[in-house]
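A.B. asks: With the sequence up front, the predicted model follows.
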Amino acid sequence: MKSFVVVILILLSSHLFAQEKHTITAGNERIEIKCTPVGTGGFSKEGEISGTVPIRIVFKKNDKSDVDMFGKVVRWSYKRSEQGDDVADIYIDGNNWWSTRCIFFITTYVNAQSINYDGEKIRIGQGVDFLQRLGVPFSVSSSTSTAAN
């Protein structure tokens, strides 16, 4: 029995350690990202993005309608449907939008021209795409604009 409990604890703790954590700051604005490493499908199966700024998510629900929402906490968890498709349970500020077909993108807008991403300063141009780094279609754009000369 003891070895069974030890195996369960190791499995649970390995899942917790497998999670990636990232921080984005821009002045007083902060975004925390927690997600599983990118899987064989090229995306992160589970994750959460929370911030002091609103986070926009656009996705297609199971009934094929499009949803475009803002929230402070966005969570997702992919699973296999009965038809064998990857579908996601999405939670926005605690409300469940179950069985979504796909996440088109997640984005946020910060009041700055550059961000600090895990200690790396990045200038924001048209937007910064973190799809390659996180396996999530997530970008950060500047909500400030400069006057054209």
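C.D. replies: Great, that's in hand.

A.B. asks: Could I get the full set of helices for this structure?
C.D. replies: Residue ranges of the helices in the chain, as given by DSSP state H, are 2-17, 131-134.

A.B. asks: Relative to G39, how far out is the closest residue to K60 other than its chain neighbours?
C.D. replies: Using Cβ to Cβ, 6 or more residues apart in numbering and skipping the chain neighbours, the partner closest in space to K60 is R101 (4.4 Å). To be clear about C-beta, it is placed using only N, CA and C from the backbone, and glycine gets the same treatment. In this structure, R101 and G39 are 18 Å apart, going by Cβ to Cβ, to the nearest Å.

A.B. asks: who's more crowded, the two?
C.D. replies: R101 (16 against 13; other Cβ atoms under 10 Å).

A.B. asks: I figured that one was touching V87, is that so?
C.D. replies: Yes. Using Cβ atoms under 8 Å, R101 makes contact with V87 at a distance of 6.2 Å.

A.B. asks: got any residues that touch both of the two?
C.D. replies: N62 (Cβ atoms under 8 Å, 6 or more residues apart in numbering).

A.B. asks: Going by mean pLDDT, which of the helices of the chain comes out lowest?
C.D. replies: Among the helices of the chain, helix 2-17 has the lowest mean pLDDT, at a mean of 43.

A.B. asks: Just name the shakiest helix or strand of this protein by mean pLDDT.
C.D. replies: Least confident element among the helices and strands of the chain, by mean pLDDT, DSSP states H and E: helix 2-17 (a mean of 43).

A.B. asks: Kindly tell me how buried K64 is, as a neighbour count.
C.D. replies: Neighbourhood size, K64 [other Cβ under 10 Å]: 7.

A.B. asks: looking at it, it is touching R101, isn't it?
C.D. replies: Yes. Between K64 and R101 a contact is recorded at 7.1 Å, counting by Cβ under 8 Å.
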